[in-house]
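Asker: Sequence first, then the predicted structure:
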Amino acid sequence: MQGEQKMKRKKERKKVSETTRKKMLMLFFCTTVLLIPHDALGDIHPTMTVNVDVAVYGGTPAGVSAAITAATVPFPADDPAASKTSVTLVVPGLRVGGMMSGGLGFDDVRGWNPEYTWLPSKMQTSDGLQDTSARPKSIYGNASTYTMFANAIQAHYATISNESDTLSVEGTHHEPHVAELVFRRMLAAANVSVMFIRGTVQNVSFSDSQHIKSIFVQQRNDTGITELLAGGFIDASYEGDLLDRASCPNRVGRESRSEFGEQNAGVVFTDNEKKNFLRGTTGVASPKVPAMTWRLCFTSNVSNMINVTQPPTTYNRSLYLGYVDDVRAGRMSSVWDAWSGLRKLPPHGVKYDINCNPRPLGFIWAGDRKERYIVANDTERTQLLHEFRDLALGLLYFQQHDVAVPEAERNSNLQYGLCADEFQDNNYFPTQLYIREARRLSSVRMFSEVDMVPPIPDGRPPLRPDACAVGSYPIDSFPCSEERPGTAQQSRSTALEGYICTEQDMISPNTLPLGFMVPPTIENMLVSTAVGATHVAFSSVRLEPTWMMLGGAAGTVLRIAAQTNKLHAVGNVSLLGVQQAVARMQPLVLYTDLPVTSPYYTAMQVLGPHGIADDESFLAHPSDQLPRARATRWLQGCMLAVNSTVRKLAEVPSDNRVDVKRWLDYGPEDPFFDSAVFCARAGVFPMPDPTVLFHPHDDIVDQVWRDWIARALSPRIEQATQTVPFTRGAAALVMLHAINAL
């Protein structure tokens, strides 16, 4: 078998001719693409019409994930034969997979990659999840689309060799072309139709002011215009192009510190080692966004190498001399450090994932091209992409050939080049610009730094009731402008304005909400990538595995909407219905003591955002007993959840405590008193009476818990078989069964 694999790889390498290998990369500079600018179309007359249930715009990992779940999530859960949902994934460009097939070969995942520590030490416990292999699943789940992807990547490399399997790090390291292969197979298995288009979405038609009827695109294999009609839409693009064409409110740039109370917001200068702000930090709002760069795939294998022997036609060596200044000032060891990475990729460790180093003051990516790119039409974007590409190729040429670089270093740099077996349809250069942030949805409630920071030491960040995934990455923003810190403050640990990578320990695993994907003005669309988060929070959310989980949740909403005739108003889908479906794929809440094999796992995941998860820690305590006071918070949260939808969360009435007395042993100064009052107003038990004991610290018994649930929700509920106190896990399970009986 191994011999057959070797012969196959040899044949594949022979396909890249020696003539092609030796070609100078002048090929890059004469590529032209015929595009129809969306602002020049006027009245569009489509030459083809396609009609589907769900259209997902954007071939990003989030788009792939959304399309798959929209097509395949069983609903109801016990009816895998439920009617099918037709889904089309619209892919601007040459390939599916966005960054993960367009250059990024090293997935930024917490707990999988050895470069990253798992979680802050305050969350390490001796319970449940100390097995290293179990920890990543507590973030990404056993059945999420990202886990499916990683499993398929690992299986691919495991067939090559043990070395290849090891280098894949459980499927989180991969070559770009292998990532695309896996994505295509996943889409095919889900019966998702893929439509490749030129440029971006050209126009949008509406059935009324709140409903998209169709989008107009130019397919790559057709010179005409296709009208794609759908009941529901998902914008999974990095740029937020569909939400913009649909006139959804959105924002570009950075909020001020004062708008959302975020210490990292606005104009900032940071010292990465000292972890403090420098002079010049004002916190005022700014229209500038983080740098757009590339993730490149280099090789040191000369038989698979494309050398850059000529500079781009737009080459300007002066652009790169700032890196030479950084070396002279001791801020960099060599000009090669303008890149970061050289992370080995499978199968043989002679390919490398390469990022652009954000820390040098000579950083070349913080100019105004990025802001121009966001608002540009298709023709202008194509030109800007050429400029971004030339900037990268010019840097590589400078490092390998310019006399400003010491000869010994130039010779050392020559050992790396582009890969002859990657991006062959794009002259061996990555196809996806690294767009870390562009437009962001203006959602009704924005996700912000506050949602990621624990309000008490060692606690968890505020729980979002509409949680659909776990966020865990640090705040990580590339420089946003070319402004430098003051000369006296410049060091190896300072960078250009806007760089934030000092908050490794500031945030803790948090709950990402469905609500930040819901446009306030369009009823039949969700936004899974350009979500409603502030710049600071978006700098944590913007990782591809996280986006895949969000895409999976968005696709699940539309799948359920299609099955319940609610595609016209996807926000009206039952919140708990979505959360139960999503929890079968990925966690909604992080617990450090609740393995997926626990009989209580699903119940405590689904109900966790609704008061069951503790604020004080990341422990579920499934075997502990449940005090009556805390039980009232559980019951209140679940009563609100039952009456919540994806768009609108039920809330505690503002007059909940008006004209309320106290119990003899329980009053407003005690924890969960408000929840007890809420339950009393709902008729679960009598209103507070200063002559009556509530026994808030007693552990609730099974029959009392069932009686409370029956009065609160009126479900068909079985009587308890025992009256002794029972565990939190059992209480959660009884509650979920009761909700499902409604």
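Answerer: Yes, it's here. Numbering: from 1, shown residues only.
Asker: Give the next helix or strand downstream of the top strand by length along the chain.
Answerer: For the chain, the strand with the greatest residue count under DSSP state E is strand 193-208. Tracing the chain past strand 193-208, the next element assigned as helix or strand by DSSP states H and E is strand 211-219.
Asker: which other helices and strands contact the very next helix or strand once past that following strand?
Answerer: Per DSSP H and E, the first helix or strand lying C-terminal to strand 211-219 is strand 226-235. The contact analysis (3 or more Cβ pairs under 8 Å, 6 or more residues apart in numbering; DSSP states H and E) places strand 226-235 against strand 48-57, helix 61-72, strand 87-92, strand 193-208, strand 211-219, helix 241-245, strand 525-527, helix 544-563. Every residue, glycine included, has its C-beta placed from N, CA and C.
Asker: quick one: which of the ones you listed is nearest Val327?
Answerer: helix 544-563 (32.1 Å; Cβ to Cβ).
Asker: still on that earlier bit, mind giving me a markdown table with the helices and strands packed on strand 226-235 and columns for distance to Cys297?
Answerer: Compiled in a markdown table, the helices and strands packed on strand 226-235 are given as follows (distance: least, Cβ to Cβ, whole Å):
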| stretch | distance to Cys297 |
| --- | --- |
| strand 48-57 | 26 |
| helix 61-72 | 17 |
| strand 87-92 | 20 |
| strand 193-208 | 22 |
| strand 211-219 | 28 |
| helix 241-245 | 26 |
| strand 525-527 | 29 |
| helix 544-563 | 15 |
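Asker: Would you mark the buried spots in stretch 418-430?
Answerer: By 16 or more other Cβ atoms under 10 Å, the buried positions in stretch 418-430 come out as 418-423, 426-430.
Asker: In the stretch 151-300 of the chain, where is pLDDT below threshold?
Answerer: Filtered on pLDDT under 70, the stretch 151-300 of the chain yields no residues whatsoever.
Asker: Cross the buried residues of stretch 418-430 against helices and list the overlap.
Answerer: The members of the buried residues of stretch 418-430 all map outside helices under DSSP state H.
Asker: what's Val50 in contact with, if anything?
Answerer: The contact partners of Val50, taken as Cβ atoms under 8 Å, 6 or more residues apart in numbering, are 88, 195, 226-229.
Asker: ok, and the most crowded of those?
Answerer: When neighbours are taken as other Cβ atoms under 10 Å, the top entry among these is Leu228 (23 neighbours).
Asker: What's the end-to-end length of stretch 240-248?
Answerer: Across stretch 240-248, the terminal residues are separated by 10 Å (Cα to Cα, to the nearest Å).
Asker: I figured Val692 hits Tyr666, correct?
Answerer: No. Shown here, Val692 and Tyr666 do not form a contact pair, counting by Cβ atoms under 8 Å, at 9.5 Å.
Asker: Tell me which residues of stretch 161-179 come out buried.
Answerer: For stretch 161-179, the neighbour count (16+ other Cβ under 10 Å) marks 161, 164-165, 167-179 as buried.
Asker: Residues contacting that stretch, please?
Answerer: 2, 97, 100-107, 109, 112-114, 136, 149-158, 182, 297, 343-349, 351, 353, 421-423, 430.
Asker: Name only those of those residues that count as buried.
Answerer: Neighbour counting with 16+ other Cβ under 10 Å marks 97, 100-107, 109, 112-113, 136, 149-150, 152-154, 156-157, 182, 297, 343-349, 351, 353, 421-423, 430 as buried within these.
Asker: Among the buried residues of stretch 161-179, which are located in helices?
Answerer: Judged by DSSP H, the buried residues of stretch 161-179 include 164-165, 167, 176-179 as members of helices.
Asker: Return the closest of those with respect to Thr494.
Answerer: Pro176 (32.8 Å).
Asker: Not counting sequence-adjacent ones, nearest residue to Ser443?
Answerer: Closest residue to Ser443 apart from its sequence neighbours, by Cβ to Cβ, 6 or more residues apart in numbering: Gly532 at 2.7 Å.
Asker: Please give the number of neighbouring residues around that neighbour.
Answerer: Quick note: Gly532 (other Cβ under 10 Å) scores 27 neighbours.
Asker: Met517 versus that one, what's the distance?
Answerer: The gap separating Gly532 from Met517 is 7 Å, by Cβ to Cβ, to the nearest Å.
Asker: Can you pull the residues that touch both of those two?
Answerer: Contact with both Gly532 and Met517 is made by residues 441, 443, according to Cβ under 8 Å, 6+ apart.
Asker: Isn't Phe538 up against Phe516?
Answerer: No. Counting by Cβ under 8 Å, Phe516 is not a contact partner of Phe538; they are 9.7 Å apart.
Asker: Mind exporting the C-alpha coordinates of the longest helix seen in the chain to CSV?
Answerer: Ranked by number of residues, the top helix in the chain under DSSP H is helix 378-401. In CSV, the C-alpha atoms belonging to helix 378-401 read as follows (Å, rounded to 0.1, in the frame of the first residue of the first chain):
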residue,chain,number,x,y,z
ASP,A,378,-15.4,44.0,-8.4
THR,A,379,-13.0,45.6,-10.9
GLU,A,380,-11.4,47.7,-8.2
ARG,A,381,-11.1,44.7,-5.9
THR,A,382,-9.3,42.7,-8.6
GLN,A,383,-6.8,45.5,-8.9
LEU,A,384,-6.3,45.8,-5.2
LEU,A,385,-5.8,42.0,-4.9
HIS,A,386,-3.0,42.3,-7.5
GLU,A,387,-1.5,45.0,-5.4
PHE,A,388,-1.7,42.9,-2.2
ARG,A,389,-0.2,40.0,-4.1
ASP,A,390,2.6,42.1,-5.5
LEU,A,391,3.4,43.4,-2.0
ALA,A,392,3.9,39.8,-0.8
LEU,A,393,5.9,38.7,-3.8
GLY,A,394,8.0,41.8,-3.7
LEU,A,395,8.8,41.1,0.0
LEU,A,396,10.0,37.6,-0.9
TYR,A,397,12.1,38.9,-3.8
PHE,A,398,13.6,41.6,-1.5
GLN,A,399,14.5,39.1,1.1
GLN,A,400,16.2,36.8,-1.4
HIS,A,401,17.8,39.2,-3.8
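Asker: Could you list the buried residues of that helix?
Answerer: Neighbour-count burial for helix 378-401 flags 378-379, 381-382, 384-386, 388-401 (criterion: 16+ other Cβ under 10 Å).
Asker: Now intersect the buried ones among the contacts of stretch 161-179 with the helices, please.
Answerer: Per DSSP H, the subset of the buried ones among the contacts of stretch 161-179 in helices is 100-101, 136, 149-150, 152-154, 156-157, 182.
Asker: Which positions are bridged to the residue lying closest to Val217 once chain neighbours are set aside in the beta structure?
Answerer: Nearest non-adjacent residue to Val217, counting by Cβ to Cβ, 6+ apart: Ile197, 4.3 Å away. Residues in a beta bridge with Ile197, per DSSP bridges, are Pro92, Gln219.
Asker: Give me the distance between Asn301 and Glu422.
Answerer: 12 Å.
Asker: go on, Ile306?
Answerer: According to Cβ to Cβ, Ile306 stands 9 Å off from Glu422.
Asker: got it, and Leu742?
Answerer: From Leu742 to Glu422 the distance is 53 Å (Cβ to Cβ).
Asker: Could you do Ala285 as well?
Answerer: 40 Å.
Asker: Likewise for Tyr57?
Answerer: Tyr57 is 26 Å from Glu422, where distance means Cβ to Cβ.
Asker: quick one on the thing from earlier: the more surrounded of Val692 and Tyr666?
Answerer: Here Val692 and Tyr666 are set side by side on neighbour count (other Cβ under 10 Å), and the busier one is Tyr666, at 22 against 16.
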